[in-house]
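[1] Fold the following.
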Amino acid sequence: MPGAFDRADALRRLGDTHFDVLVIGGGVTGAGTALDAASRGLRTALVERFDFASGTSSKSSKMVHGGLRYLQQGDVRLVYEALAERQRLRKNAPHLVKVLPFLLPVFGKGGVIPRKLSRALGSAMWMYDLTGGARIGKLHKRISADEALAHMPTLPRERLAASYLYYDARADDARLTLTLARTAAIDFGAAAVNRAKVVAIRKDTAGRAIGATIEADDDQGGTTTLDVTADAVVNAGGVWSDDLRSLDEGTHPASIRPAKGVHITVPWSKIRNDIAVVVPVPEDRRSVFVVPWGDFTYIGTTDTDYDGPLDDPQCTAEDIDYLLGAINHAIVGELTTDDVLGTWAGLRPLVRDAGSERTADLSRRHRVTPSASGMVTVTGGKLTTYREMAADTVDLVLEHVLGVKVLERVTKHSRTRHLSLRGAEGYEELVTSASTAGRIGAETLDHLANRYGGEARTLIAMLERDRSLAEPLVPGLPYLRAEAVYAARYEMARTVDDILSRRTRARLLARDASAAAAADVAALVAPDLGWDADEQRAQVEAYRAAVTAERAAAHLPETALDASTLLASGAGTRVRADETEPAAGTGRR
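    Below you'll find the model as predicted:
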């Protein structure tokens, strides 16, 4: 039954509804599992301790891809499955998942590389196409050094040899996760709630998991305790899944080996890449992505063991040095810490393997297992394969936990292979609407349509009623004031951080500029969220303290968002996040 993405209503339902499935964890896997279950007809609840996508699912490399590295590691099946999922996502969420060309530059002594290495790279490219890369409608191709330079003029010409161009895709990971949760709630009636912490797994007299006790934030600054009843419980806690298992099993299983990945954001003008570039790290077996994002480029990711606090991993000075060293080895000129405008660090929930020394060598495959109580835990995997993980999880829930008693009223098999996500409907018509572009401007329409899809019509109506909402939310960034209001009204944003870190990505792009705008953001959404002056002040202080801690952990200077820096050296060649096709041979859009 269709529902709404309304927190107060969902909290009420959590307390007075008996669910078929309770999903714990509001990252991409949990939100995807809730959608898969709800779309089959199961009465579904989704609870998240912090905010949707506030963990790993907002801090990834934002790639929807097979992964050349996994192919090199011999995991052909994972690459094949991931590339199949990439294609499904392009069809099910065309407003969110975009084709992105990748340049694989090849460096050699005097621009010449050994023939053996050249053959190996060519074979890898063909294998990627044959494994599923060609589903995107394009094959890789070898391009000259001059053509590679046209896509990234800062590459060192004297070391650059003929290189490769291939195709993958990307998405805003936080928006994808939020869209999954909203689709589950609005289209299929799931009860989805953020800021609802599980404090106990409820069990019947036979020791079977029958729900959870949660503590949820209320509208008065306190918490309310609710017992949620369900016939099946799914643990989709990501790197926190072992903590949830300890509530169920009584001991901490230590089955997850977190791997930290970090990224930095710099002005696009410092690198001037019009497509994504895969840069090898010198004296290492890793590579990093260099990805254009509007007026910015982000660089990452690392893959290192992590044993610190799970709730707030930080990008350290050592991490910054590693990424700056990698990019400086691959460009003419030098980036310094003064150029780093944003950072983010996330933890991959890799399944522990006693035989592997490096997290980079651990499989990205997922694992779905039931405990003695029947709680089903899903771990591992990656952003691209979330849908397959979710389908496998619900399959196991139906087969081993719920059984035949629900099969008469639900669909046995997953429906999400061809299920359009919120915003897909009406997207093509909106993005090509000349009349709408004439009313609000082509650039604004393009920006909103490629973040909200067909649902952007609500934001467009807001702009037409109040033109002040068309002003920038953070000066120098593309987000509009309307987007903050929309986030508070329709996307369950509860804090300034929700708005600046995840509903928009202002914090990732320009950390200090977002902190400077925090007070204006708080005042803007205060009427919708019922904040008085004291609460606005508390929200701003909390956000700025988090930004200060983030900057201090990385030993970075405070950096203003200087338009002259962003636009220097090649204004007019920047790539928007939704653009995918480079102009052949020019590197310009």
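[2] Unless I misread the structure, residue 299 falls within a strand.
    Yes: read with DSSP: H, G, I helix; E, B strand; the rest coil, residue 299 is one of the residues of a strand.
[3] OK, contacts around it?
    By C-beta atoms under 8 Å, 6 or more residues apart in numbering, the contact set of residue 299 is 263, 264, 265, 266, 288, 289, 290, 291, 323, 326, 327. (Glycine included, C-beta is placed from N, CA and C.)
[4] now, which of those residues lie within helices?
    323, 326, 327 (DSSP state H).
[5] what does the model give the second one for pLDDT?
    Put plainly, it is residue 326. Looking at residue 326, its pLDDT reads 94.
[6] That one contacts residue 278, doesn't it?
    No: at 11.0 Å, residue 326 does not count as touching residue 278 under the criterion of C-beta atoms under 8 Å.
[7] Now do the helices in the stretch 401-550 of the chain.
    Taking DSSP state H, counting those that start in this stretch to define them, one finds helices in the stretch 401-550 of the chain at 404-407, 427-431, 434-440, 442-452, 456-465, 481-490, 496-497, 506-509, 511-516, 518-529, 533-553.
[8] Pull the residues that contact the longest one.
    This means helix 533-553. Under C-beta under 8 Å, 6+ apart, the answer for helix 533-553 is 221, 314-317, 343, 495-497, 500, 507, 511-512, 514-515, 518-519, 522-523, 526, 531, 557-558.
[9] cool, the first one as well?
    Contacts made with helix 404-407 from outside it, assessed by C-beta under 8 Å, 6+ apart, are listed as 20, 42, 231, 398.
[10] Buried by neighbour count: which residues of that helix qualify?
    residue 406 (16 or more other C-beta atoms under 10 Å).
[11] What of the fifth one?
    In terms of neighbour count (16+ other C-beta under 10 Å), helix 456-465 has its buried residues at 456, 457, 459, 460, 462, 463.
[12] Kindly report the same for the fourth one.
    With burial defined by 16+ other C-beta under 10 Å, the residues of helix 442-452 counted as buried are 444, 445, 446, 447, 448, 449, 450, 451, 452.
[13] What is the distance between it and the centre of its chain?
    19 Å (C-alpha atoms, centre = their mean, to the nearest Å).
[14] CA atoms only: put that helix into PDB for me.
    Output of helix 442-452 as PDB, limited to C-alpha atoms (Å, rounded to 0.1, in the frame of the first residue of the first chain):
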ATOM      1  CA  ALA A 442      18.400  25.800 -18.400                       C
ATOM      2  CA  GLU A 443      21.200  25.500 -15.900                       C
ATOM      3  CA  THR A 444      18.800  25.400 -12.900                       C
ATOM      4  CA  LEU A 445      16.600  22.900 -14.600                       C
ATOM      5  CA  ASP A 446      19.600  20.700 -15.500                       C
ATOM      6  CA  HIS A 447      20.800  20.800 -11.900                       C
ATOM      7  CA  LEU A 448      17.500  19.900 -10.300                       C
ATOM      8  CA  ALA A 449      16.500  17.300 -12.900                       C
ATOM      9  CA  ASN A 450      19.700  15.400 -12.500                       C
ATOM     10  CA  ARG A 451      19.400  15.300  -8.700                       C
ATOM     11  CA  TYR A 452      15.700  14.800  -8.200                       C
END
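[15] what's the distance between residue 552 and residue 216?
    Computed as C-beta to C-beta, to the nearest Å, the residue 552 to residue 216 distance reads 32 Å.
[16] which of these two has more neighbours?
    Applying other C-beta atoms under 10 Å to residue 552 and residue 216 shows that residue 216 carries more neighbours, namely 22 against 11.
[17] Can you give the contact residues for the strand or helix carrying the more buried one?
    Using DSSP states H and E, residue 216 sits in strand 209-217. Here strand 209-217 makes contact (C-beta under 8 Å, 6+ apart) with 11, 14, 19, 22, 24, 47, 193, 195-204, 223-233, 248, 371, 373-375, 494.
[18] where along the stretch 151-300 of the chain do the helices fall?
    So, for the stretch 151-300 of the chain - with DSSP H, counting those that start in this stretch - the helices run 173-182, 188, 241-249.
[19] Which stretch among these is buried most, on average?
    Of all the helices of the stretch 151-300 of the chain, helix 173-182 carries the top mean neighbour count, a mean of 27, counting by mean count of other C-beta atoms under 10 Å.
[20] going on from that one, what's the next piece of helix or strand?
    Per DSSP H and E, helix 173-182 leads on to helix 188 as the next helix or strand towards the C-terminus.
[21] in the stretch 101-250 of the chain, which ranges drop under the pLDDT threshold?
    Scanning the stretch 101-250 of the chain for pLDDT under 70 picks out 110-115.
[22] Quick one: the strands in it, in order.
    Using DSSP state E, counting those that start in this stretch, the strands found in the stretch 101-250 of the chain span residues 141-143, 160-170, 191-193, 196-203, 209-217, 223-235.
[23] ok, the residue nearest to residue 127 when sequence neighbours are not counted to residue 120 distance?
    Closest residue to residue 127 apart from its sequence neighbours, by C-beta to C-beta, 6 or more residues apart in numbering: residue 71 at 6.0 Å. From residue 71 across to residue 120, the span is 12 Å (C-beta to C-beta).
[24] And residue 545, by the same measure?
    From residue 545 over to residue 120 the distance is 49 Å, taken as C-beta to C-beta.
[25] Could you do residue 176 as well?
    Distance from residue 176 to residue 120, by C-beta to C-beta: 34 Å.
[26] which stretch among the strands of the stretch 101-250 of the chain comes nearest residue 479?
    Evaluated with C-beta to C-beta, these place strand 160-170 nearest to residue 479, the distance being 18.2 Å.
[27] Strand partners (parallel or antiparallel) of the closest one?
    Each strand paired with strand 160-170, and its direction, by DSSP bridges: strand 63-64 (antiparallel), strand 98-107 (antiparallel), strand 141-143 (antiparallel).
[28] Tell me what angle the longest one forms with helix 442-452.
    Right, the one you point to is strand 98-107. Interaxial angle of strand 98-107 relative to helix 442-452 (axes from the mean of the first three to the mean of the last three C-alpha atoms, to 10 degrees): 90 degrees.
[29] Which pair of the contacts of helix 404-407 spans the longest distance?
    Top of the distance list for these (C-beta to C-beta): 231 and 398, 10.8 Å.
[30] Let me see the contact set for the residue nearest to residue 181 when sequence neighbours are not counted.
    Sequence neighbours aside, residue 31 is the residue nearest to residue 181 in space, at 4.3 Å (criterion: C-beta to C-beta, 6+ apart). Residue 31 is in contact with 46, 52, 53, 177, 178, 180, 181, 184, 192, counting by C-beta under 8 Å, 6+ apart.
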